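Visitor: sequence and predicted model, in that order:
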Amino acid sequence: IVSPLGKTVLFLRIFTMTTPKRTGDDLKAHLKSTTALDLSLLYDVAQIEFRSLVREIMGKIKDVKAGIVVDKFTHDLLVRIVPNFKSLVGEAMYFEHAVNVIDQYSLNTVIFSIYPSPDSLDAVARIINESKDFASSPHFHILYTSRQTMIASQLLKEKGVAGYIRGSETWQVNMIPIENDVITMEMPFTFSQYRIHNDKTPLFDVARAIMQLQMTYGIIPKIVGKGKAAQDVWDIVRHMTRELSERPLNAPEIDSLVLIDRSEDSITPLCSQMTYEGLVDEILGISLATLKLRPDLCADEKSREKGGELVVLNSSIKIFNDLRNLPWPQVGSLIRQRSQLLRDETDRGRQAMDMADLKAMGEFAKKLKKHIYVEQHHLPIHTNIALHIKKIIINDDFEEKFHTEHALLCGQRGGGFAGVKKLMGQEDIIAEADDYIEDCIAKQESLIRVLRLLCIRSLIAGGLKPSLLEYYRREVLQTYGFEHSLTLDNLAAAGLLVEQAVKKSNHATICDAFNLIDDVPEDATQIEDYHFVYMGYAPLSIRIVEQLLDTDHQLLQEHMPNHILKEKQRLPAGLKPKGSDDAQQRDPVTIVCFIGGVTQAEIAALRFLSRHKRREYVVMATDIVTGTRFLRNLREPIEKNIELSVSSRERRQLKD
């Protein structure tokens, strides 16, 4: 340490450490770092069930040589929930390697752990047909993820492999905690199923999840909700409760449950999110709190050579946790501050080693382990991501789209959002927005962009005039192809793109009553509301949550009186909510369940309320959506191989 060479060696060793591999336990450790609920308990329940199901299957066969075949979705879940799942069986594999592995290792038991999607079932049928006559005579079992469907059984019969399957079970993992305040059910087609096809299967799954929450965290005393789907879910929960032999007797940890039907606010997911995490999701796409980073955005050469890097996005990464809920204008200044702080810390470390100050070096080593090393790895990544986002949002295309969205939101109020009115440069904002939509179609811009704007246009006006709707429908089909007629039909069935009703739209009244539109202060210390999550627009869904938790729901009763749910559940005699004693005072915990999906920006708005209203919010959603995913999930299922059109410019970029 004293010699100059020794100090140099120590410094090099400190700053050339390799990235440690994150285990499943690492990916769920942050779930316990909350004052609300310990969501890691949900992982524990799911892990015990999976282990039990696998052991039960393997216990039926003598001298078992087993392997498990997983699809990508189930694999991603297992890495988080059962990180050592490979040790439960002899071999673990994806579809493409399964036949060779079954033959090479003479497996006599093959467990397909899959989500019941058509693609996965096709792969299962292919593997069975190619390996059923192997010398090992393998026994095939299916372990469905989340649910087993009649359609899945029928597909396997049609493909002629149902007779080779010895048994099927269901791993009922329908709640996936991805953050200490966020649970996703990964059911992306919920909105289309109940809105378009009147299929209540996903509502049953939501009800089952609520029952599991109550079995884990105790009875929820207060239930409120808005929308028909919310009422339907609670009706199913009531029916399930009556069938229980005994009710949970643990002290309730959840004070209230808010059920929100996405159809009560279909505008919000169609708008462009303007928080850091929302923009990352919109532009790069987040899946289960991870991001597959493109090679050009990676911070080190090794990751670029590997073709990219899987980046964890949760509260265990401090730089991301500090950035995620910020409005976009504040992102750059925080990154600059953290970069300077990191430079200052490393400079102090160098000085300590130059002076051979053992005490200072010891303190630096502690900081290195807890903070500096992680910051060194993740700060460059988020710097690259932020620079990439900046290039996109300062582009004229994005600015025009963003201002048109806000013009549509405000146009029915006579341009009450002054900033938009000034930027658009037209008094007739709606007419200007229509011109922009027509230009997008004429230029063959992305169909998703056109549909998002058309749906916002329809929703705020209570529909489009029949002649205008027919005009847009004709233009879309002629420009992008007649295969999209089913998609347009679905948008109409979902109430997103419809003919104007006789009754006048109350969008303007709701905007005024709920204060949905307002300027965002440039000074972060002056932000007193969550308009910043959409840069001037406060999500109606979150206003509804606030109203439902209010005692009289006055604004809802006046302006949105239909399908308001209010229920109370009695606690067993002598049972008190957790923390009700004076010595354990805590903020009330509220689960907000979005039936049909939630955006990252809406989650950020609830986190803002958690910080300012002395209430802990935990989000549970059937899926986490962006405007693009929200609309893609409304495509006609039989058109699964037809992608929504991209612009000619995007096609050229993909070709290049």
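Guide: Yes, it's here. Numbering: from 1, shown residues only.
Visitor: mind listing the strands for this protein?
Guide: 66-70, 91-93, 109-114, 139-145, 165-171, 176-179, 182-184, 222-226, 256-261, 290-293, 309-312, 564-568, 589-595, 616-621 (DSSP state E).
Visitor: and residue 302, which of those strands is closest to it?
Guide: strand 309-312 (8.9 Å; C-beta to C-beta). Using the backbone N, CA and C atoms, a C-beta is placed for each residue, glycine as well.
Visitor: for that closest one, packing partners?
Guide: strand 290-293, helix 373-393 (3 or more C-beta pairs under 8 Å, 6 or more residues apart in numbering; DSSP states H and E).
Visitor: quick one: which of these is nearest residue 267?
Guide: helix 373-393 (20.7 Å).
Visitor: quick one: buried residues of the closest one?
Guide: Residues of helix 373-393 classed as buried by neighbour count (16 or more other C-beta atoms under 10 Å): 373-386, 388-389, 393.
Visitor: go on, stretch 80-91?
Guide: If you call a residue buried by 16+ other C-beta under 10 Å, then stretch 80-91 has these buried ones: 80, 81, 82, 83, 85, 88, 89, 90, 91.
Visitor: mind putting the helices and strands packed on strand 309-312 into a markdown table with distance to residue 448?
Guide: Formatted as a markdown table, the helices and strands packed on strand 309-312 follow (distance: least, C-beta to C-beta, whole Å):
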| stretch | distance to residue 448 |
| --- | --- |
| strand 290-293 | 20 |
| helix 373-393 | 15 |
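Visitor: is it possible to get JSON lines of the ones you listed that adds distance to residue 128 and mean pLDDT?
Guide: Output for these, formatted as JSON lines (distance: least, C-beta to C-beta, whole Å; pLDDT from 0 to 100):
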{"stretch": "strand 290-293", "distance to residue 128": "30", "mean pLDDT": "93"}
{"stretch": "helix 373-393", "distance to residue 128": "42", "mean pLDDT": "91"}
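Visitor: which residues does the closest residue to residue 101 other than its chain neighbours contact?
Guide: Once flanking residues are discounted, residue 101 sits nearest to residue 93: 4.9 Å by C-beta to C-beta, 6 or more residues apart in numbering. Counting by C-beta atoms under 8 Å, 6 or more residues apart in numbering, residue 93 touches 67, 68, 69, 70, 101.
Visitor: re earlier: from the buried residues of stretch 80-91, which land in helices?
Guide: Among the buried residues of stretch 80-91, the residues falling in helices (DSSP state H) are 80, 81.
Visitor: of the buried residues of stretch 80-91, which pair is most distant in space?
Guide: Top of the distance list for those (C-beta to C-beta): 80 and 90, 22.4 Å.
Visitor: hmm, residue 559 and residue 510 touching each other?
Guide: Yes. Using C-beta atoms under 8 Å, residue 510 makes contact with residue 559 at a distance of 5.5 Å.
Visitor: higher neighbour count, those two?
Guide: It is residue 510, of residue 510 and residue 559, that has more neighbours when counted by other C-beta atoms under 10 Å, with 17 against 14.
Visitor: how close does that one sit to residue 460?
Guide: 10 Å (C-beta to C-beta, to the nearest Å).
Visitor: residue 551 now?
Guide: Applying C-beta to C-beta to residue 551 and residue 460 gives a distance of 30 Å.
Visitor: cool, residue 285 as well?
Guide: 27 Å.
Visitor: who has more neighbours out of those two?
Guide: Taking neighbours as other C-beta under 10 Å, residue 285 and residue 460 compare with residue 460 leading, 22 against 12.
Visitor: with adjacent residues omitted, what lies nearest to the more buried one?
Guide: residue 507 (4.5 Å).
Visitor: nearest residue to residue 388 other than its sequence neighbours?
Guide: residue 297 (5.9 Å).
Visitor: and for residue 597?
Guide: residue 625 (3.8 Å).
Visitor: just to check, that neighbour is in contact with residue 599?
Guide: Yes. With contact defined as C-beta under 8 Å, residue 625 reaches residue 599; the gap is 6.0 Å.
Visitor: now do the shared contacts for those two.
Guide: residue 269.
Visitor: so between the two, which is more surrounded?
Guide: Per other C-beta under 10 Å, whichever of residue 625 and residue 599 has more neighbours is residue 599, with 30 against 26.
Visitor: gap between the more buried one and residue 203?
Guide: 21 Å.
Visitor: equivalent analysis for residue 308, please.
Guide: From residue 308 to residue 203 the distance is 37 Å (C-beta to C-beta).
Visitor: comparing these two, which residue is more hemmed in?
Guide: residue 203 (25 against 16).
Visitor: do you know the pLDDT at that one?
Guide: For residue 203, the pLDDT comes out at 96.
Visitor: next one: residue 629
Guide: If you check residue 629, the pLDDT there is 95.
Visitor: please apply the same query to the one 5 residues further on.
Guide: Reported pLDDT at residue 634 in the predicted model: 90.
Visitor: wait, it touches residue 490, no?
Guide: Yes. Residue 634 lies in contact with residue 490 (C-beta under 8 Å); the separation is 4.8 Å.
Visitor: anything in contact with each of these two?
Guide: 192, 196.
Visitor: please tell me how far residue 474 sits from residue 220.
Guide: Distance of residue 474 to residue 220, computed by C-beta to C-beta: 50 Å.
Visitor: then residue 611?
Guide: For residue 611, the distance to residue 220 - C-beta to C-beta - is 23 Å.
Visitor: so between those two, which is more surrounded?
Guide: residue 220 (25 against 9).
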